[in-house]
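> Task: produce atomic coordinates for the following.
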Amino acid sequence: MKTHLKYFSALIIVTLCIQSCTKEKKQDPFQIGKQHIGLLSDSTMVKDLDIVFSKDSIVTSIKGDEFAGDDNDIEIYIEGKKSLILTPSQTLDSTAVISSVQILNENFKTDKNISTLSTFKDIKDNYKISSINNLISSIVVSVNEINASFTIDKKELPANLRFDMTLNIEAVQIPDNAKIKYFMLHW
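Model (predicted):
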């Protein structure tokens, strides 16, 4: 009887181990990858956003009409906080996929733990910088590895780099502690 009990106990333990190993890993809703942000992927259609963000608020605003060709951004509010701004590939088309996502919420993080709370040093230590664009009031640091661009306000730069848009800004000129204003994924 004791041997049957031992075999039965061992069978239960093995069954539980197999079940725990085969359970499907739940997708982290704040994890950013090259082609996804949580459950939102590069193939998600506008009409499916209600499913992806079922517990969140979705705000769609029409900036222009369908003939103007203006983008109609879709704002996602998570727990009342504006967290994402989605830009569809086609205006006023429910079957359009999302072409870019602006990330505003610090809870969203890449595999290498980069978020809106990160600094320029975090970016350069974890990714190869593809390019740096000098704009009017900000610089945009592009990372092709994850299809992302990080916007840093020029207020974070030394004074001699803030006002001349013709300057070719190099990574070594950007302070390590320069904060990310927001970042975008482009699909």
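
> alpha carbons only for contacts and neighbour counts from here, please
OK.

> now the end-to-end length of stretch 169-183.
Taking Cα to Cα, to the nearest Å as the measure, stretch 169-183 stretches 19 Å from start to finish.

> Kindly confirm whether my reading is correct that S100 touches S149.
No: S100 sits out of contact with S149 when judged by Cα atoms under 8 Å, with a separation of 10.5 Å.

> Return the helix or strand in the protein with minimum mean pLDDT.
Least confident helix or strand of the chain, by mean pLDDT, DSSP states H and E, is helix 2-22 with a mean of 57.

> Following element in sequence after it, please.
Following helix 2-22 in sequence order, the next helix or strand is strand 31-33 (DSSP states H and E).

> buried sites along the longest strand seen in the chain?
Criterion DSSP state E: the longest strand present in the chain is strand 81-88. For strand 81-88, burial by neighbour count (16 or more other Cα atoms under 10 Å) applies to K82, S83, L84, I85, L86, T87, P88.

> circling back: tell me which of S100 and S149 has more neighbours.
When S100 and S149 are compared for neighbours, S149 comes out ahead with 23 against 19, by other Cα atoms under 10 Å.

> that's a helix at the more buried one, yeah?
No: per DSSP: H, G, I helix; E, B strand; the rest coil, S149 lies outside any helix segment and is strand.

> What's opposite the nearest residue to S131 once chain neighbours are set aside in the beta bridge?
Nearest in space to S131, with sequence neighbours left out and distances taken as Cα to Cα, 6 or more residues apart in numbering, is S142 at 5.2 Å. Beta-bridge pairing for S142 (DSSP bridges): S131, S149.

> contacting residues around I146?
With contacts defined as Cα atoms under 8 Å, 6 or more residues apart in numbering, the neighbours of I146 are G33, K34, Q35, L185.
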